[in-house]
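Participant: with the input below, show me the fold.
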Amino acid sequence: MASTHGSLLYEGKAKQVFETDHPDEFLVHFKNDATAFNAKKHAQLEGKGSLNCQISAFIFKFLESKGVPTHYLDINGDSWMLVQKVEVFPLEIVIRNVASGSLCKETPIEPGTKLCNPLLDLYYKDDDLGDPLLTDERISLLALVSSTKLLEIKTLALTVNGHLQEFFKKLNLLLVDFKLEMGLTKNGQLVVADEISPDSCRIWDLNTYDQEDRILDKDRFRRDLGGVLEGYSEVLRRIQEFSS
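Facilitator: This next block holds a predicted model:
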């Protein structure tokens with residue numbers, strides 16, 4: 001049964017979160033806004049919200065089938081998702097399988113270098129501070145999460161990475177890196193939250209060798225490559241084809 005939204009609780013760069021008539025459920029609206037560089041670059045791309053919503057729903061359902069708990073409950077329209085209420089940690093969890101983006105700007109590692117082991121980076125989710133990179137010691141200093149829970153977060157993130165690498169490989173796609181957010185349900189269960197989509201992942205087409213044409217994610221917007229919606233649509237097409 002479709003849920004109707006109540007008051008707006010939160011609005012971010014790409015999503016809005018609304019109350020529902022159930023205190024433990026929220027409705028998330030995926031917007032058509034495309035942003036980069038902490039929203040210094042901004043555009044409206046008609047249909048982007050729907051694509052991200054559908055892709056995220058497929059991926060959340062896939063993870064659930066692998067025993068990974070998520071906040072996902074149901075699709076609630078073209079660009080709306082019904083989710084569990086979750087207290088989200090102020091952490092951005094980034095898992096890298098191939099060197100790209102900020103890793104290559106901050107280190108001498110060449111773009112496209114396959115990492116021997118996944119690299120897990122944690123960032124403080126705070127736009128005013130520029131989402132700085134955290135160490136375990138800084139996480140403890142700021143009392144963002146206990147050491148025990150932090151270990152659970154890292155373990156779950158790497159488990160998600162393993163499942164998603166395998167999933168995308170079956171679609172002839174390479175999961176270069178991606179961002180996760182996690183939180184706790186009212187029962188204290190650690191779950192994957194937010195979204196998993198081309199907005200939060202770097203995804204390359206394994207069938208394409210051109211270093212720009214192979215990009216099917218938000219880098220098309222960041223780097224002014226064009227074809228943003230086409231890239232996202234191709235990811236959704238392969239997911240739907242695989243899942244049918």
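Participant: shaky segments in the protein?
Facilitator: Residue ranges of the chain with pLDDT under 70: 1-3.
Participant: quick check: buried residues in the top helix by length along it?
Facilitator: Counting residues, the longest helix found in the chain (DSSP state H) is helix 147-170. Using 16 or more other Cβ atoms under 10 Å as the test for burial, helix 147-170 gives Leu150, Ile153, Leu156, Ala157, Val160, Asn161, His163, Leu164, Gln165, Phe167, Phe168. Where C-beta positions appear, they are placed from N, C-alpha and C, glycine not excepted.
Participant: what of stretch 109-124?
Facilitator: Buried residues in stretch 109-124, counted by 16+ other Cβ under 10 Å: Ile109, Pro118, Leu122, Tyr123, Tyr124.
Participant: now do the domain split for this structure, please.
Facilitator: Residue ranges for the domains of the chain, per automatic domain parsing: 8-84, 87-226.
Participant: span of the last one from start to end?
Facilitator: With Cα to Cα, to the nearest Å as the measure, the ends of domain 87-226 fall 36 Å from one another.
Participant: follow-up on the earlier one: out of the buried residues of stretch 109-124, list just those in strands.
Facilitator: Among these, DSSP state E puts Pro118, Leu122, Tyr123, Tyr124 in strands.
Participant: farthest-separated two in these?
Facilitator: Spanning the widest gap among these are Pro118 and Tyr124, at 20.7 Å by Cβ to Cβ.
Participant: sorry, back to before: nearest to Val28, out of the buried residues of helix 147-170: which one, please.
Facilitator: Of all the buried residues of helix 147-170, Val28 sits closest to Val160, with 19.0 Å by Cβ to Cβ.
Participant: and that closest one, what is it in contact with?
Facilitator: Contact analysis of Val160 by Cβ atoms under 8 Å, 6 or more residues apart in numbering lists Leu63, Val68, Ile95, Leu180, Val192.
Participant: and Lys66, by the same measure?
Facilitator: Shown in contact with Lys66 (Cβ under 8 Å, 6+ apart): His163.
Participant: secondary structure element for Asp74?
Facilitator: Assessed by DSSP states H and E, Asp74 sits inside strand 72-75.
Participant: show me which residues of that strand are buried.
Facilitator: By 16+ other Cβ under 10 Å, the buried positions in strand 72-75 come out as Tyr72, Leu73, Ile75.
Participant: if I look at the first one, how far off is Glu64?
Facilitator: This points to Tyr72. Distance from Tyr72 to Glu64, counting by Cβ to Cβ, to the nearest Å: 7 Å.
Participant: output stretch 22-33 as CSV - backbone C-alpha positions only.
Facilitator: Only the C-alpha atoms of stretch 22-33 are listed here, as CSV (Å, rounded to 0.1, in the frame of the first residue of the first chain):
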residue,chain,number,x,y,z
HIS,A,22,4.1,5.5,10.9
PRO,A,23,6.6,6.8,13.4
ASP,A,24,9.3,4.2,12.4
GLU,A,25,9.1,4.9,8.7
PHE,A,26,10.2,7.7,6.5
LEU,A,27,9.6,8.6,2.8
VAL,A,28,12.7,9.6,0.9
HIS,A,29,12.2,11.7,-2.3
PHE,A,30,15.1,11.5,-4.8
LYS,A,31,15.5,14.9,-6.4
ASN,A,32,16.6,15.7,-9.9
ASP,A,33,19.4,18.0,-8.6
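Participant: quick one: residues in contact with stretch 188-196.
Facilitator: Contact with stretch 188-196 is made by 14-15, 30, 52-53, 55-56, 59-60, 63, 68-71, 83-84, 86, 88, 149, 152-153, 156, 160, 164, 178, 180-185, 200, as judged by Cβ under 8 Å, 6+ apart.
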